[in-house]
Structure formats: C-alpha cells, structure tokens
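**Q** okay, sequence plus prediction incoming.
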Amino acid sequence: MTTDIFDVVVIGAGHAGCEAALACARMGHSTLLTTLNLDALAMMPCNPSIGGTAKGHLVRELDALGGEMGRAIDDVFIQSRMLNTRKGPAVHSLRAQADKKAYQRRMRRAVDDCENLVLRQAEVSRIVVERGRVAGVETTTGGRVACKAVIVCSGVYLNSRIIIGECAWNGGPQGLLAANALTQSLVDLGFAVRRFKTGTPARLDGRTIDFSKMEPQAGDEPVVPFSFMTDASTLQNKALCYLTYTTPRTHEIILNNLHRAPMYSGTIHGTGARYCPSIEDKVVRFRDKDRHPVFMEPEGLDTNEWYAQGMSTSMPEDVQRAIYASIPGLENARLLRLAYAIEYDCIDPTQLTASFQARDVAGLFCAGQVNGTSGYEEAAAQGLYAGINAALWLEGRAPMLLTRADAYLGVLVDDLITKGVDEPYRMMTSRAEYRLLLRQDNADLRLTELGRAAGLVSEARYQKMLEKKRLTREGRALLDKLRLTDQLRHPEATYNALRQARPDLPDYPADVKEQLEIEARYEGYIARQTADRQRFLAMEDTPLPPDADYLNMSGLRIEARQKLDAQRPASLGQASRIPGINPGDVTVLMIWLRARGE
C-alpha cells in the first residue's frame, strides 16, 4: 500500500545522490532521499580528498551550476594545493584534503536544512513502472512510495562484494551493507548490467608512523577556494601530508605472493580502473621501476587514521602487513583498517539519453558509479546534472544538455552515453578536446547562466558572475586602449607587475586579473580552439530524427545500422563519436538528411 507521495525519489545518498536530491528540492520539487545507512551520507570510503587533475574542473563546474560540493569542501578542507602549475592554465586543477567526518556533517546539514527534501534510511528493492513511466518505488521492508521520477545513485553498493585475499563476503564499503535487490529490478526494466571493481588502501594509526623518514608536503598559500562564492581570505591550511616510497623489498613481497592476490588468482571477476591501479598491479606492470610514491594523508583533524595514497590492494592480511612494514616510516605502523577490493554491479550508460534519462523508461534517471564511473567528483557532477534534468522534465521544460564544447561535465556525459564504458571511467584533461576553453578558472563564466535558466543558481551567485564578466571586459578594453595587452603576453608577466609600472591601472579582484592574464597570454590558441569549437557545434546542431529507420537505410554498413539503431544518437556529431561509426557512415547520414530536406 502506498504510504507516501513525492515528486522525486533519489536512491542512494552518496555524492551523486546528495547533489541530485538537493538540486530537485531546491528547484521546488518534493524529494525523498533514501540511503542504506543515514550515517553513511556523503561518505568518503576511499581517499580523503576532493578534486585533482580534471576532477577539480568538475567540482568548479558543479559549483557554477549551483551544486553543493565546492562550498562543502571549502568549509571543511584541511589542506589545499593547485596541481600542474608548471603547465598551462588549461590543466591547472585544485585538490583539497578533506576532514572526512566534517565533510559528512557539512553535507548532512545541507540536506537536513533543505526545504522540500526528506531523508530516510531504507533499501529500495524495486522501481515501479506503469505503461512505460515511473510510478514509484518499493522497499525491502514492504513500503511503497509513489513518485513521478526516480534517480538511481546507488554507487558501488549493488550486489557489492568485499575481497581481502582468500576471504570474500557480500557487503558495502567500510563494513556497510550491500544493496542486493535493486539490480534485478534494473535488469527487469531492460538494463544491461556489468561487473566493475575498485579498491582502497589500508588505514594506519598515525601515532605509529615515523614521519621523520618522510618528506613533508605543505599546502599552497594563499588558499584558492573551490566555490566561486567562497571568500578566499577566510581560508587557511591546517595540516601537512607526507611523501614516502615503496622499496625493492616491497616489490619482492608482492611478486612472491602474486599467487595469493585475488586479481591474479581469479577471485576477482569485475573489471578494475586502469588509471587507479592497485600496488600489485603497478609492480607487475612497471617492473623497471624500483619505487612508487606513497602519499600519507590525514583522514581528519580529530582522528589518528591516515590514508596511504597509492597503496590500494586486495592482498591477504599477512601480506598487507608485510608490504606496509617494508615502506620507510611505516615499519612499525599499526593497520586500523585493512585494504580491500570491492566488486559491484553497474549499468551500460549507452542506454541513457543525453539528459541521463533512461531511453525506455520515462522519468527514470541514473547518475554516479551506477553509470560505470569512478570518483566522488564524477559522481557528484552527474548527480547534479541528473537532478536538474529530472526537475526540468517534471516541469515539462527542455533538458539542460551540455556538449563536449561546453564543459568537462559535457565530455563526461557524452563519453558515457555515446562510447559506453568497459572499465570504471575516470575524468582526465586529455579527454577534453577544448580544454583551453574549459578551464577551471572560467567555469562560472561558462555555466552560471545555464544554472540560472534552470532555476538553481541564486541571485547572489548570478550577480557575482555578471560583475566578474563586466570587469574582465572592462579591463581588456582598457589594456587594448593603452596598448598594454602585448606586455601581458610575456610568460612571466602579471597584471600586478604591470600596475607597478602603471599605478593608474585599476586594482581588479584576483579572479579578474587571472582572466586578463590568461586571455592575453593565450589569445592565439584560444582563438584557434574557439574556431574548432564552432565547427564542432555545427555538427552537434544537426539533429537526427528520433524515429530514423537506420536498419533499412541504404548505404550504411550493417555494423553502423545496428549501432545507430541501438543508441539513437540525437545529432550528427554524436553519431560520429559512436565506436564503430566511420566517416563514410557519417557521409551517408548527411546525404540522407539533405534528401529529407533537413
């Protein structure tokens, strides 16, 4: 019997689920956020950080659209660094160490204080669909909730299995329960399901670590915030990280015990992430290296737990203890939590549209690791995107669709729905063709207007973006008028140095100065990518009819017919990126469109 009615039900309260639920509720829709355990909301089961290469771009974009993650990490970070500063601004990426428990409390406050949002501990076992549309959800305890839209943000919990050496059991991260019922419901709705794997290092007792044998890693000063709404002057680093390395003895222990490693013995069946390998995988793949870096990162300010970045493993307990003891500074370290691998179910994301709605079930959206991705940032960005589009769908409005030329989030969405995944997907700057245009510093200028149109961006955020845009245009016009733009094109030139020679120049805010410096220094490259972007958008703006009969389209190869029919691309550009579609197939589509007069 139905006991509740909501507009939206979000399944899972991890990083994707929190952003999805907050977006729907803030856009005015009654929203139920369900989770297997209330204490696990916004949990960081792996690394205690937000951001990183390309991931920092996603957090900035999420923030520009009105999401919560950027503001939350600014409130609770304990160390912040800008990565890749020796390279150009296209790949500069912010990364901040988080106080894990403080981050959870901060996100819980955001959820609890959000109007239209109800949080509930429950396991959803079935998505109810009637006449091809979402009608509600059922829980394992017999409850039923009527709703018009569902957003699946189940993370790594679907039929999840923990593996440590020869031991394996059904369970979620860090001793939590698995979600054992929902996979079958997704299969019944027509989703193809695959099995992926991820893992995490051990946690060590900081009181037993000899940090004197390690290299201190300080944060950057001044601190750069993630959120465009955060006052940078209020931020300061609070902790050190440390760098140590594996040794030849570490590698010897691993190689001597490979037969006991689940990923080599056949115990693990899921596909792991290529770009986040376990330490045993790194030792095997890179036998020419005599050491690998290990970053020791605090899990928080009020805990003794430390995270060993780079030491993910699923080796048996006795081997783990020997491995860690072979690393300088960890000889006597006490393991508080063993490292483990986790297998879980996820869907084929090519079964989703560009708005993350299921192709065959109206009102059903999916976001996060259930789509085959890895990482908190990828999950949160997807959650926000799915949440916005679910709300717009409920309102009968057009979806907010981001292309590869608009945002890293657009690259992420397009890669998932067009190319699919055969391993856990990780965002990288190399995936973005227009990365000089899609910098983290201009995410607000690119996306805040879209968030405003959707109804999620506040007036204060919108006005702040407009002022930055106005001052940047004013500053560039002034520099051009005074013939000073060329001086900013020198690699070491800065606006502040220019002002020392010309004190009559306005003292703009730091973010405006940054825009002026980048636009001047990289003007030619930016112009070139802008022209490339226009050509790309011409293809994206050429729609393909949703009812196109690809199977009977003359001139197309059989493989092309089958793939186009299965994925139903929305545009000529999207069709061109489907694996197996070649330039000749695209030409056939163009001729077909012209013959139709489109």
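**A** Thanks, I have it.

**Q** can we go C-alpha only for contacts and neighbour counts from here?
**A** Fine.

**Q** what about the closest residue to Asn170 other than its chain neighbours, distance to Ser314?
**A** Using Cα to Cα, 6 or more residues apart in numbering and skipping residues adjacent in sequence, the residue nearest Asn170 is Arg161, 4.3 Å away. Distance of Arg161 to Ser314, given as Cα to Cα, to the nearest Å: 12 Å.

**Q** between these two, which has more neighbouring residues?
**A** Ser314 (32 against 22; other Cα atoms under 10 Å).

**Q** does that one sit in a helix or strand, and which one?
**A** Using DSSP states H and E, Ser314 falls within no helix or strand.

**Q** list the contacts of it.
**A** The contact partners of Ser314, taken as Cα atoms under 8 Å, 6 or more residues apart in numbering, are Ile163, Ile164, Gly165, Gly199, Ala261, Pro262, Met263, Ser278, Ala339, Tyr340, Ala341.

**Q** separation between the last one and Phe191?
**A** Relative to Phe191, Ala341 is positioned 25 Å away (Cα to Cα).

**Q** give me the secondary structure label for the closest residue to Lys289 other than its chain neighbours.
**A** Leaving aside its chain neighbours, Lys289 sits nearest to Val283 (7.8 Å; criterion: Cα to Cα, 6+ apart). Following DSSP: H, G, I helix; E, B strand; the rest coil, Val283 is assigned to helix.

**Q** burial of Val283, as a residue count?
**A** By other Cα under 10 Å, 22 other residues sit near Val283.

**Q** what do you get for Thr271?
**A** Thr271: 17 neighbours (other Cα under 10 Å).

**Q** what bridges to it?
**A** Beta-bridge partners of Thr271, counted by DSSP bridges, are Phe196.

**Q** so it is in contact with Glu423, correct?
**A** Yes. In this structure Thr271 lies within contact range of Glu423 using Cα atoms under 8 Å: 5.7 Å.

**Q** need the contact list for Gly363.
**A** Shown in contact with Gly363 (Cα under 8 Å, 6+ apart): Arg133, Val134, Lys148, Ala149, Val150, Gln357, Ala390, Trp393.

**Q** out of those residues, list just those in strands.
**A** Per DSSP state E, strands hold the following members of the contacts of Gly363: Arg133, Val134, Ala149, Val150.

**Q** buried subset of the residues you listed, written for ChimeraX?
**A** The following ChimeraX line selects those of those that are buried, judged by 16 or more other Cα atoms under 10 Å:
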select :134,149,150
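
**Q** any chance of the ones in strands among the contacts of Gly363 in a markdown table, plus pLDDT and distance to Arg203?
**A** A markdown table is the format used below for the ones in strands among the contacts of Gly363 (pLDDT from 0 to 100; distance: Cα to Cα, whole Å):
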| residue | pLDDT | distance to Arg203 |
| --- | --- | --- |
| Arg133 | 98 | 45 |
| Val134 | 98 | 42 |
| Ala149 | 98 | 39 |
| Val150 | 98 | 35 |
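
**Q** circling back to that earlier point, shared neighbours, Thr271 and Glu423?
**A** Counting by Cα under 8 Å, 6+ apart, the shared contacts of Thr271 and Glu423 are Phe196.

**Q** where exactly do the strands run in the stretch 301-450 of the chain?
**A** Along the stretch 301-450 of the chain, counting by DSSP state E, counting those that start in this stretch, strands occupy 305-309, 335-337, 340-347, 364-366.

**Q** TSV for those strands, including distance to Ile253?
**A** Putting the strands of the stretch 301-450 of the chain into TSV (distance: least, Cα to Cα, whole Å) gives the following:
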stretch	distance to Ile253
strand 305-309	18
strand 335-337	17
strand 340-347	18
strand 364-366	42
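
**Q** burial check on the nearest residue to Val156 once chain neighbours are set aside, number of neighbours?
**A** Leaving aside its sequence neighbours, Val156 sits nearest to Tyr344 (Cα to Cα, 6+ apart; 5.4 Å). The number of residues packed near Tyr344 is 28, by other Cα under 10 Å.

**Q** likewise for Met428?
**A** 17.

**Q** wait, it sits on Ala54?
**A** Yes. In this structure, Met428 is within contact of Ala54 by Cα under 8 Å, at 5.0 Å.

**Q** burial measure for Arg533, as a count.
**A** Neighbours of Arg533 under the rule other Cα under 10 Å: 17.

**Q** neighbours of the closest residue in space to Asn159 that isn't next to it in sequence, how many?
**A** For Asn159, ignoring the flanking residues on the chain, the nearest one in space by Cα to Cα, 6+ apart is Asn180 at 4.7 Å. A total of 18 residues lie near Asn180 under the criterion other Cα under 10 Å.

**Q** nice, that's everything, thank you.
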